[in-house]
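*Asks:* this one's structure only:
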Ligand code: SAM
């Protein structure tokens with residue numbers, strides 16, 4: 001449950017160095033120990049957080065077994081991509097999967113740009129990402145929570161969309177896909193109603209290489225394919241911040 005989840009009090013205090021060891025900034029550009037930085041609220045020991053040479057820019061929310069991450073890694077080799085997953089064993093599986101791929105590709109340094117983190121994205125997203133840090137968020141085949149009384153557990157809602165709008169920079173894209181027509185309608189309705197998002201047109205959507213990957217590389221996408229099910233895609237652009 002959540003009390004076992006480790007999360008930084010602020011994105012600046014997140015230690016990414018173990019997730020992306022190939023991107024740790026050289027020693028001379030590391031900051032001095034920050035006495036106020038702590039790993040968890042209970043633990044008051046100051047930690048020195050190692051900085052990376054660049055930030056995570058792409059997040060896969062509820063990444064499951066990591067198919068999307070693995071497929072995106074070579075497509076955006078200069079970008080740090082992070083999968084977020086709430087289930088412990090599934091997160092561990094993805095971690096091991098990436099470890100093996102990194103070892104097999106030591107020379108080319110492929111897969112160093114993808115990693116996975118255990119997190120409840122419904123609660124702690126702003127603890128990990130600064131405002132406008134992300135260029136893309138993927139929400140692939142989220143749990144449908146069919147019953148009306150379970151709708152509040154859906155990963156797309158007015159409140160959560162505001163968190164996505166906070167983390168994604170203007171011009172950035174939120175990608176969604178599901179095989180559940182009702183959930184597709186729900187996601188479209190909630191993003192279209194949100195003042196910080198607009199739906200991306202079909203032409204642009206189909207021209208985006210990430211859409212094909214989302215359809216075919218996710219474990220759920222493959223399952224739906226085997227069962228000859230339909231997949232519903234919708235992309236939403238983060239609008240410019242309003243000028244007051
Ligand atoms: N995206 C993957 C795919 O397309 O193959 C997995 C889809 S699976 C149906 C939904 C995933 O979201 C599950 O692995 C589940 O554990 C994860 N999940 C559900 N709620 C979450 C939350 N609040 N934070 C992080 N992950 C969550």
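*Replies:* Good, I have the coordinates. Predicted, not measured: the structure shown is a model, and the values here were computed from it.
*Asks:* Please name the residues that touch residue 180.
*Replies:* Counting by CB atoms under 8 Å, 6 or more residues apart in numbering, residue 180 makes contact with 144, 146, 232. Bear in mind the C-beta positions are built from the backbone N, C-alpha and C, glycine included.
*Asks:* Could you do residue 78 as well?
*Replies:* Contacts of residue 78 (CB under 8 Å, 6+ apart): residue 113.
*Asks:* quick one: pLDDT of it?
*Replies:* Here the pLDDT value assigned to residue 78 is 97.
*Asks:* repeat for residue 165
*Replies:* Value for residue 165, per-residue pLDDT: 97.
*Asks:* surely it meets residue 196?
*Replies:* Yes. With contact defined as CB atoms under 8 Å, residue 165 reaches residue 196; the gap is 3.7 Å.
*Asks:* buried subset of the contacts of residue 180?
*Replies:* Buried subset of those (neighbour count, 16 or more other CB atoms under 10 Å): residue 144.
*Asks:* which element follows the strand of greatest length in the chain toward the C-terminus?
*Replies:* Within the chain, and with DSSP state E defining each element, the longest strand by residue count is strand 168-178. Toward the C-terminus, strand 168-178 is succeeded by helix 181-192 as the next helix or strand (DSSP states H and E).
*Asks:* Is the ligand within reach of that following helix?
*Replies:* No. Counting by CB under 6 Å from any ligand atom, the ligand is not contacted by helix 181-192; separation bottoms out at 10.7 Å.
*Asks:* circling back to that earlier point, overlap in contacts, residue 165 and residue 196.
*Replies:* What both residue 165 and residue 196 touch, as defined by CB under 8 Å, 6+ apart, is the set residue 238.
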